[in-house]
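1. what follows is a protein structure lacking sequence information:
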(Lines give C-alpha, C1' and ligand atoms only; values in the text may rest on other atoms or scores of the structure.)
Protein backbone atom coordinates (compact mmCIF):
# COMPACT_ATOMS: atom_id res chain seq x y z
CA UNK A 1 0.00 0.00 0.00
CA UNK A 2 1.25 3.42 -0.83
CA UNK A 3 1.41 6.03 1.90
CA UNK A 4 -0.16 8.71 -0.20
CA UNK A 5 -3.28 9.48 -2.15
CA UNK A 6 -4.64 12.52 -3.85
CA UNK A 7 -1.66 13.41 -6.04
CA UNK A 8 -3.97 15.25 -8.45
CA UNK A 9 -2.85 18.87 -8.65
CA UNK A 10 -4.79 21.09 -6.31
CA UNK A 11 -5.92 23.26 -9.20
CA UNK A 12 -8.03 20.36 -10.55
CA UNK A 13 -9.86 20.11 -7.21
CA UNK A 14 -10.24 23.87 -7.09
CA UNK A 15 -11.77 23.95 -10.57
CA UNK A 16 -14.27 21.28 -9.53
CA UNK A 17 -15.14 23.32 -6.45
CA UNK A 18 -15.58 26.45 -8.53
CA UNK A 19 -17.91 24.64 -10.95
CA UNK A 20 -19.95 23.23 -8.05
CA UNK A 21 -20.09 26.65 -6.42
CA UNK A 22 -21.47 28.10 -9.65
CA UNK A 23 -24.80 26.38 -9.02
CA UNK A 24 -25.64 27.94 -5.65
CA UNK A 25 -29.04 29.26 -4.55
CA UNK A 26 -30.70 32.47 -5.70
CA UNK A 27 -29.16 35.75 -4.64
CA UNK A 28 -25.75 34.14 -4.28
CA UNK A 29 -24.80 33.88 -7.96
CA UNK A 30 -22.31 36.73 -7.71
CA UNK A 31 -20.46 35.12 -4.80
CA UNK A 32 -18.07 32.28 -5.45
CA UNK A 33 -18.68 29.78 -2.66
CA UNK A 34 -16.58 26.87 -1.51
CA UNK A 35 -18.06 23.95 0.39
CA UNK A 36 -15.92 22.48 3.14
CA UNK A 37 -16.51 19.57 5.50
CA UNK A 38 -15.72 20.83 9.00
CA UNK A 39 -14.55 18.44 11.72
CA UNK A 40 -12.89 18.54 15.14
CA UNK A 41 -9.45 17.41 16.24
CA UNK A 42 -8.25 18.22 19.77
CA UNK A 43 -11.05 20.79 20.20
CA UNK A 44 -9.82 22.64 17.11
CA UNK A 45 -11.91 23.04 13.95
CA UNK A 46 -10.44 21.81 10.67
CA UNK A 47 -11.98 21.48 7.22
CA UNK A 48 -11.41 19.78 3.88
CA UNK A 49 -13.01 20.37 0.48
CA UNK A 50 -16.25 18.37 0.17
CA UNK A 51 -15.41 17.26 -3.35
CA UNK A 52 -12.63 15.10 -1.86
CA UNK A 53 -15.06 13.34 0.53
CA UNK A 54 -16.60 10.08 -0.64
CA UNK A 55 -18.45 9.29 2.60
CA UNK A 56 -18.36 9.53 6.38
CA UNK A 57 -18.60 6.30 8.38
CA UNK A 58 -18.97 5.48 12.04
CA UNK A 59 -15.98 4.06 13.81
CA UNK A 60 -15.56 0.33 13.26
CA UNK A 61 -12.85 -2.19 14.08
CA UNK A 62 -9.54 -1.20 12.51
CA UNK A 63 -7.14 -4.02 11.65
CA UNK A 64 -3.51 -3.02 12.35
CA UNK A 65 -1.00 -3.39 9.52
CA UNK A 66 2.70 -4.19 9.94
CA UNK A 67 5.48 -2.05 8.45
CA UNK A 68 3.44 1.02 7.56
CA UNK A 69 4.18 4.66 8.40
CA UNK A 70 3.21 5.56 11.97
CA UNK A 71 0.12 7.70 11.15
CA UNK A 72 -1.49 4.73 9.36
CA UNK A 73 -3.33 2.80 12.05
CA UNK A 74 -4.62 0.00 9.85
CA UNK A 75 -7.41 -0.90 7.47
CA UNK A 76 -11.17 -1.31 7.58
CA UNK A 77 -13.52 -3.33 5.40
CA UNK A 78 -16.15 -1.13 3.80
CA UNK A 79 -18.71 -3.02 1.71
CA UNK A 80 -16.05 -5.46 0.53
CA UNK A 81 -13.44 -2.77 -0.12
CA UNK A 82 -10.24 -2.48 1.95
CA UNK A 83 -9.69 1.11 3.10
CA UNK A 84 -6.43 2.29 4.66
CA UNK A 85 -7.06 4.48 7.76
CA UNK A 86 -4.80 7.33 8.79
CA UNK A 87 -4.96 8.82 12.31
CA UNK A 88 -5.14 12.53 11.56
CA UNK A 89 -4.12 13.39 15.13
CA UNK A 90 -0.85 11.47 14.69
CA UNK A 91 -0.26 12.99 11.27
CA UNK A 92 -0.68 16.52 12.60
CA UNK A 93 1.39 15.78 15.75
CA UNK A 94 -1.57 16.35 18.07
CA UNK A 95 -1.84 14.56 21.42
CA UNK A 96 -3.57 11.16 21.29
CA UNK A 97 -7.04 10.68 22.74
CA UNK A 98 -9.57 7.92 23.27
CA UNK A 99 -11.97 7.32 20.43
CA UNK A 100 -15.60 8.09 21.29
CA UNK A 101 -19.06 7.53 19.86
CA UNK A 102 -18.59 10.81 17.97
CA UNK A 103 -15.35 9.65 16.29
CA UNK A 104 -15.69 9.19 12.53
CA UNK A 105 -13.71 7.98 9.56
CA UNK A 106 -13.89 10.35 6.60
CA UNK A 107 -13.36 8.31 3.42
CA UNK A 108 -11.55 10.39 0.79
CA UNK A 109 -11.30 10.03 -2.99
CA UNK A 110 -7.81 9.49 -4.31
CA UNK A 111 -5.98 8.78 -7.53
CA UNK A 112 -6.77 5.70 -9.62
CA UNK A 113 -10.05 5.05 -7.78
CA UNK A 114 -8.14 4.51 -4.52
CA UNK A 115 -9.54 5.71 -1.23
CA UNK A 116 -8.11 6.49 2.18
CA UNK A 117 -9.93 7.02 5.46
CA UNK A 118 -8.92 9.63 8.00
CA UNK A 119 -9.88 9.24 11.65
CA UNK A 120 -11.25 12.44 13.25
CA UNK A 121 -12.75 13.24 16.66
CA UNK A 122 -16.10 14.35 15.23
CA UNK A 123 -17.68 15.79 12.10
CA UNK A 124 -19.34 19.17 12.57
CA UNK A 125 -21.00 20.48 9.41
CA UNK A 126 -20.63 21.50 5.79
CA UNK A 127 -19.45 25.09 5.57
CA UNK A 128 -20.17 27.36 2.63
CA UNK A 129 -17.64 30.17 2.52
CA UNK A 130 -16.78 32.83 -0.01
CA UNK A 131 -13.34 33.11 -1.57
CA UNK A 132 -13.04 36.49 0.16
CA UNK A 133 -13.29 34.77 3.56
CA UNK A 134 -10.23 32.62 2.80
CA UNK A 135 -6.78 33.58 4.07
CA UNK A 136 -3.37 32.09 3.39
CA UNK A 137 -1.94 29.99 6.21
CA UNK A 138 1.22 31.02 8.03
CA UNK A 139 4.56 29.39 7.30
CA UNK A 140 4.78 27.85 10.78
CA UNK A 141 2.07 25.22 10.30
CA UNK A 142 4.43 22.50 8.94
CA UNK A 143 2.68 22.63 5.58
CA UNK A 144 -0.45 20.71 6.54
CA UNK A 145 -2.74 23.75 6.60
CA UNK A 146 -3.23 25.33 3.20
CA UNK A 147 -5.69 28.09 4.10
CA UNK A 148 -7.72 29.54 6.94
CA UNK A 149 -11.21 30.95 7.14
CA UNK A 150 -13.11 32.65 9.93
CA UNK A 151 -16.40 31.08 10.94
CA UNK A 152 -18.48 32.31 13.87
CA UNK A 153 -15.50 34.20 15.30
CA UNK A 154 -13.22 31.17 15.17
CA UNK A 155 -10.44 30.26 12.74
CA UNK A 156 -10.98 27.05 10.77
CA UNK A 157 -7.81 25.45 9.40
CA UNK A 158 -8.33 24.07 5.90
CA UNK A 159 -6.04 21.11 5.37
CA UNK A 160 -3.98 20.66 2.23
CA UNK A 161 -4.89 16.99 1.73
CA UNK A 162 -2.17 16.36 -0.83
CA UNK A 163 0.45 17.28 1.77
CA UNK A 164 -1.31 15.61 4.71
CA UNK A 165 -1.75 12.31 2.89
CA UNK A 166 1.76 12.28 1.39
CA UNK A 167 3.58 10.09 3.88
CA UNK A 168 6.62 9.52 1.66
CA UNK A 169 8.75 12.02 3.56
CA UNK A 170 7.75 10.52 6.92
CA UNK A 171 8.39 6.86 6.28
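-> Looks like it arrived, so ask away. Model, not experiment: these values are computed from the prediction.
2. let me see the contact set for the most centrally placed residue in the chain.
-> Ranked by distance to the mean C-alpha position of the chain (CA atoms, centre = their mean), the top residue is residue 48 at 4.3 Å. The contact partners of residue 48, taken as CB atoms under 8 Å, 6 or more residues apart in numbering, are 36, 37, 39, 106, 108, 158, 159, 161. For every residue, glycine as well, the C-beta is placed using N, CA and C.
3. quick one: residues in contact with the helix or strand hosting residue 116.
-> Here residue 116, judged by DSSP states H and E, is contained in strand 115-120. Outside strand 115-120, the residues that touch it by CB under 8 Å, 6+ apart are 5-6, 39-41, 46, 54, 57, 59, 62, 73, 76, 78, 81, 83-89, 99, 103-110, 164-165.
4. coming back round to it: and the gap between the residue nearest to the centre of the chain and residue 67?
-> Counting by CB to CB, to the nearest Å, the separation of residue 48 from residue 67 is 28 Å.
5. same question for residue 160.
-> Distance, residue 160 to residue 67, by CB to CB: 27 Å.
6. coming back round to it: now the contacts of strand 115-120: which count as buried?
-> The neighbour-count test (16 or more other CB atoms under 10 Å) applied to the contacts of strand 115-120 identifies 5-6, 39-41, 46, 62, 73, 76, 78, 83-89, 103-110, 164-165 as buried.
7. sitting in strands, which of the residues you listed do you find?
-> Among these, the residues falling in strands (DSSP state E) are 39-41, 46, 73, 76, 78, 83-87, 104-109.
8. stretch 110-125: how far from the chain's middle?
-> Computed by CA atoms, centre = their mean, to the nearest Å, the chain-centroid distance of stretch 110-125 equals 6 Å.
9. hmm, I was thinking of stretch 43-50
-> 7 Å.
10. now it: buried residues?
-> Within stretch 43-50, the residues that count as buried by 16+ other CB under 10 Å are 45, 46, 47, 48, 49, 50.
11. could you give the mean pLDDT of that stretch?
-> On average, the pLDDT along stretch 43-50 is 94.
12. same deal with stretch 106-115?
-> For stretch 106-115, mean pLDDT is 83.
13. over to stretch 150-159?
-> Mean predicted confidence for stretch 150-159 is 88.
14. likewise for stretch 69-83?
-> What stretch 69-83 shows for mean pLDDT is 94.
15. residues in contact with that stretch: which ones?
-> 1, 3, 57, 60-65, 84-88, 90-91, 105, 107, 115-117, 119, 167, 170-171.
16. run the chain-centre distance for stretch 155-168.
-> Put simply, stretch 155-168 sits 7 Å off its chain's centre (CA atoms, centre = their mean).
17. same thing with stretch 57-70?
-> Stretch 57-70 sits 17 Å away from the centroid of its parent chain (CA atoms, centre = their mean).
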